[in-house]
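Colleague: Pasting a predicted model and its sequence here:
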Amino acid sequence: MPCLHEPHYHSPDLDVAVSIPVARRHHSDSFFDASCSEQHGPAERHSRYRPKDSIARLGIIALDAYRLKVLVSSQDENVQILRDILHGTADVVLTDGTLESMLKVGRDADIVAANRVSREYIEAAPRLRMIQTFTTGVEKIDLEAVKSHGGIVLCNSHINAAEVAEYAIMLLLAVAKNIIPNDRELRKGDWVYAYGGPRPNIEIRGKTCLIIGLGNIGAEIAKRLRAFDVQIYAATRSGTSQHIGLVDRLVRIDEVRPLVESSDFIILSLPLTPDSEGLVDSTFISWMKPTSIIVNISRGPIIGERALYEALRQNRICGAGLDVWWRYPPKWGGRATPPSDIPFQDLDNVVVSPHRAGYSENTEREYFRFAGENILRFIHGEAPLNIVDLTRGY
């Protein structure tokens, strides 16, 4: 396998230096184990990989002895976009994402593009040097296994940030304006929700919205909320953000209570980590106004399932828009699988959505385009974008 050197890059997404292993051609046109020991001759020691060298200049693509292998967990037709980007640079091999398939065709992969990568695969893939996800969340990647393996760079994607932000605003409006019950009853010929009927629309203008998580998606949400003449608060783990200019006030999450108590709307756009799981529990919900609305486009377990249901059922808060859940079908797109063991679907003050906020007419193609381009950056010895901090989990 190729000799791997580890130049250090400063990631623009994290305030850390990242050690990234890169493939280097040996002077002899053959590849040895990754130790790069003194057994190599003087010429080889002087030809050490420089970050600005491209893999094409180093001649790796011309070698038959070793070609980089990229394992892609997808059967989507858009995978051809990724193939085209990596053409002549790496072999692209497809898997259905099961452990059996990944080990069968990709045990020797150098790079994996997938949203789910198990400990079993990582431990069985000694050449693995990069994992690129197609979307933002990395909770289906075994981060502890990545850390234990050593030398793996994990990158995610924020391609869908604008689309998810639009969807979050849509969920907020759908709840505030009673869109679902309005539609349902009028389809039956019932005009009960006409002008003057029950549950008048909740106004967005002049209100206050708290965004918890001010990363790429949170920032896009804040930009769109400005058009509604809304005062915008935000909370992050550290109390800081490069997007601070988009909000009127920013605090640490552990200082968020006064903002929850004064906000009319709360939108969750933070990653699922051990720290964020269960953040919105019965205590948090008790701080919320009776007229408030919560929207979740992050991950279901950030909210306490039973606590939210009881608050909605008892009308202790006004409503919720949920695109993410606690329970999913065994196979994506499956049937006969309620999103919760608790009957949220029976409540009129909830808008339910099947985890599709990031799915639009263009995002599928853009997922593969970004993945291919970021993998190519890594292969060329450049710092890839969106390097995940394995300690923080985002």
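Modeller: Structure's in. What do you need?
Colleague: how about residue 232, what does it touch?
Modeller: With contact set as Cβ atoms under 8 Å, 6 or more residues apart in numbering, residue 232 has these partners: 208-209, 211, 222, 225-226, 246-248. For glycine as for every other residue, the C-beta is placed from the backbone atoms N, C-alpha and C.
Colleague: now, among those residues, which is nearest to residue 123?
Modeller: Taking Cβ to Cβ as the measure, residue 123 lies nearest residue 211 of the contacts of residue 232, at 38.1 Å.
Colleague: Heading C-terminal from the helix or strand containing that closest one, find the next helix or strand.
Modeller: Take DSSP states H and E as the rule and residue 211 turns out to sit in strand 208-212. Using DSSP H and E, the helix or strand that directly follows strand 208-212 along the chain is helix 216-225.
Colleague: what about dumping the CA coordinates of that following helix to CSV?
Modeller: Extracted C-alpha coordinates of helix 216-225, given in CSV (Å, rounded to 0.1, in the frame of the first residue of the first chain):
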residue,chain,number,x,y,z
ASN,A,216,-24.6,26.4,8.6
ILE,A,217,-28.2,25.4,8.9
GLY,A,218,-28.9,27.7,11.8
ALA,A,219,-27.3,30.6,9.9
GLU,A,220,-29.5,30.0,6.9
ILE,A,221,-32.6,29.9,9.1
ALA,A,222,-31.6,33.3,10.7
LYS,A,223,-31.2,34.9,7.2
ARG,A,224,-34.7,33.9,6.2
LEU,A,225,-36.3,34.9,9.5
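Colleague: Which strands and helices lie in contact with it?
Modeller: Identification of packing neighbours for helix 216-225 by 3 or more Cβ pairs under 8 Å, 6 or more residues apart in numbering; DSSP states H and E yields helix 161-176, strand 208-212, strand 231-236.
Colleague: follow-up on the earlier one: make a PyMOL selection of the buried ones in the contacts of residue 232.
Modeller: This is how PyMOL selects the buried members of those, with burial counted by 16 or more other Cβ atoms under 10 Å:
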select buried, resi 208+209+211+222+225+246+247
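Colleague: does the nearest residue to residue 152 once chain neighbours are set aside sit in a helix, a strand or a coil?
Modeller: Spatial nearest neighbour of residue 152, chain neighbours left out: residue 146 (5.0 Å); criterion: Cβ to Cβ, 6 or more residues apart in numbering. At residue 146, secondary structure determined by DSSP: H, G, I helix; E, B strand; the rest coil is helix.
Colleague: before we move on, back to that, which of the helices and strands packed on helix 216-225 sits most buried?
Modeller: strand 208-212 (a mean of 26; mean count of other Cβ atoms under 10 Å).
Colleague: elements contacting that one?
Modeller: Helices and strands touching strand 208-212, by 3+ Cβ pairs under 8 Å, 6+ apart, are helix 216-225, strand 231-236, helix 257-262, strand 265-268.
Colleague: To residue 185, which of the ones you listed lies closest?
Modeller: Distances from residue 185 to each of the helices and strands packed on strand 208-212 were compared using Cβ to Cβ; the minimum, 24.6 Å, belongs to strand 265-268.
Colleague: So which bits of whichever helix or strand comes after that closest one are buried?
Modeller: The C-terminal neighbour of strand 265-268 among helices and strands, as given by DSSP H and E, is helix 282-287. Residues of helix 282-287 classed as buried under the neighbour-count rule (16+ other Cβ under 10 Å) are 284-285, 287.
Colleague: Same check on stretch 319-336?
Modeller: By neighbour count with 16+ other Cβ under 10 Å, stretch 319-336 contains the buried residues 319-326.
Colleague: thinking again about what came up before, give me the contact list for the strand holding residue 211.
Modeller: 218, 221-222, 225, 230-236, 247, 253, 256, 259-260, 262-270, 279.
Colleague: strands paired with it, and their directions?
Modeller: Taking DSSP bridges as the criterion, strand 208-212 sits next to strand 231-236 (parallel), strand 265-268 (parallel) in its sheet.
Colleague: In TSV, list those strands along with mean pLDDT and distance to residue 361.
Modeller: Compiled in TSV, these are given as follows (pLDDT from 0 to 100; distance: least, Cβ to Cβ, whole Å):
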stretch	mean pLDDT	distance to residue 361
strand 231-236	98	28
strand 265-268	98	24
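Colleague: Can you lay out those strands as TSV showing distance to residue 150?
Modeller: Conversion of the strands paired with strand 208-212 to TSV gives the following (distance: least, Cβ to Cβ, whole Å):
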stretch	distance to residue 150
strand 231-236	30
strand 265-268	33
